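J.: pasting the structure only:
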């Protein structure tokens, strides 16, 4: 299993090493210059997207066929992909926190709680996205998984925008949402932990579903 | 003699192709050459016996066990024409990956092979020539000391020098009595050089698996008139064709044929010619 995780991580790093350095410099600089932590959060989400490329590398090299001849199980092959994606995201989180340290040194108004809670929520969303995206990649291939996600977010945000612009909600009790938002605001740490917990649960379900699909695949 | 591969009644259906009831064995200490035209079912057979695809019927035993068992696969080295690690990896990375996958992985042996094959340790596989990539793939397969090597078109597209090196390596590997190789190839000259047995697959059916020397000694091309071919007992004629220069037939038991047709011309048949006769691509033929 260790070899598989190394294979996934090293493959992605050899593909994106230069790109990651450039993105890290750019996003770090923008976050500090604009005092906008969004760039650091977005980096975590993007790392999950980078990790999806491991499926493309496999498709190009015929890895699926070769892996079946090795003494590894289908579950291990899929699990290694999920683990390496988490390693990638953890790198994004580590970088974000390191930039947070730098930020706190140059800006006395910097608040760790306000920085870390959104980071945890974004990590949860990234984890969740990655879990579903990987499941789709196993089932339909990398390109379709990527396209599905882009369309999904387009519909999601486009839908919110349209609802806001057209007042289609009508009599919808918006105050209930406002109440939920107030609860989240009052329990920020708990909310973040809850988000991470939900993402972890979805990830486990997706991992087993992806492994079951992968087991039926032929190469 | 123990069989390292035993395939019985292997069947696999696709929309446009069916592998039908293939029986194939690879005895210990033998190299079995799997031949057949493009799309005949060689790769499908190999994929099915390695559990890369699921057979629709039949049984496959590798080293006496089930190929779905990881412990069984740990003693099988597979080399495919187009399936390996991501090309950005170099030998050092491949060594690290395999060390984390395979309990029997021998790093020292792997780098010995790299040196023997003149494979640079830091050079990405994608920068190697095709021959070098095949050598790297073979070095990987050999470095966990498998008992069985399964090679799908491993020598295709390589120059004669590299092919010669690989064939020597196969012969070296087979020196151990409990080692075997199943080698599919279009290059029948390679098989003529190293194989102990030839298995011929045609349109999804295994037509025969025979000892190579026996096959070559027992098969000939008969050149004569149609009428003479008709005079032969049917069991002696494997395939026949009619061309502008006359008729010819692929025949069994040449001595018997010579006795029956003393004036006919009988030439030795090589594996390519046998395939051409039986596949009937260029000429009409019949069993």
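T.: Yep, it's here. Here the structure is a predicted model, which is why all the values come from computation and not from measurement.

J.: next, the buried residues of the helix or strand in which residue A:33 is found.
T.: Under the criterion of DSSP states H and E, residue A:33 resides in helix A:2-34. Neighbour-count burial for helix A:2-34 flags A:3-16, A:20, A:23-24, A:27-28, A:31-32 (criterion: 16 or more other C-beta atoms under 10 Å in any protein chain shown). In this view, the C-beta of every residue, glycine as well, is placed from N, C-alpha and C.

J.: filter the residues you listed by proximity to chain B?
T.: Cross-checking these against chain B (C-beta under 8 Å from any C-beta of the partner chain) gives A:3, A:4, A:5, A:6, A:7, A:10, A:11, A:14, A:15 as the overlapping residues.

J.: nearest to residue B:211, of those?
T.: The closest of these to residue B:211 turns out to be residue A:3 (C-beta to C-beta; 40.3 Å).

J.: what pLDDT does that closest one get?
T.: At residue A:3, the model reports a pLDDT of 95.

J.: which SSE is immediately downstream of the helix holding residue A:33?
T.: With DSSP H and E, the next secondary element past helix A:2-34 is helix A:38-51.

J.: other residues contacting that next one?
T.: The contact list for helix A:38-51 (C-beta atoms under 8 Å, 6 or more residues apart in numbering or on different chains) reads A:8, A:12, A:16, A:20, A:23-24, A:27-28, A:30-31, A:81, A:84-85, A:88-89, A:91-93, A:95-96, A:99-100, A:118-119, A:122-123, A:125-127, A:129-130, A:133, A:146.

J.: what residues sit buried inside that helix?
T.: For helix A:38-51, the neighbour count (16+ other C-beta under 10 Å) marks A:39-51 as buried.

J.: now swap in stretch B:116-123 and tell me
T.: Within stretch B:116-123, the residues that qualify as buried are B:117, B:119, counting by 16+ other C-beta under 10 Å.

J.: does any bit of it sit next to chain A?
T.: No. Applying C-beta under 8 Å from any C-beta, one finds stretch B:116-123 out of contact with chain A, separated by at least 12.1 Å.

J.: and that stretch, how far from the chain's centre?
T.: Using C-alpha atoms, centre = their mean, to the nearest Å, the distance from the centre of stretch B:116-123 to the centre of the chain it belongs to is 27 Å.

J.: and for stretch A:10-19?
T.: 17 Å.

J.: now the residue of chain B found nearest chain A, nearest residue through space, not along the chain?
T.: Chain B approaches chain A most closely through residue B:100 (2.5 Å), counting by C-beta to the nearest C-beta. The spatially closest residue to residue B:100, leaving aside those adjacent along the chain, is residue A:3, at 2.5 Å (C-beta to C-beta, 6 or more residues apart in numbering or on different chains).

J.: the one you found contacts residue B:97, correct?
T.: Yes. The criterion here is C-beta atoms under 8 Å, and residue A:3 meets it with residue B:97 at 4.5 Å.

J.: any regions of the chain where pLDDT drops low?
T.: With no chain named, the answer covers chain A. Applying pLDDT under 70 to chain A flags the ranges A:168-176.

J.: wrong one, I was asking about chain B
T.: Residue ranges of chain B with pLDDT under 70: B:1, B:281-287.
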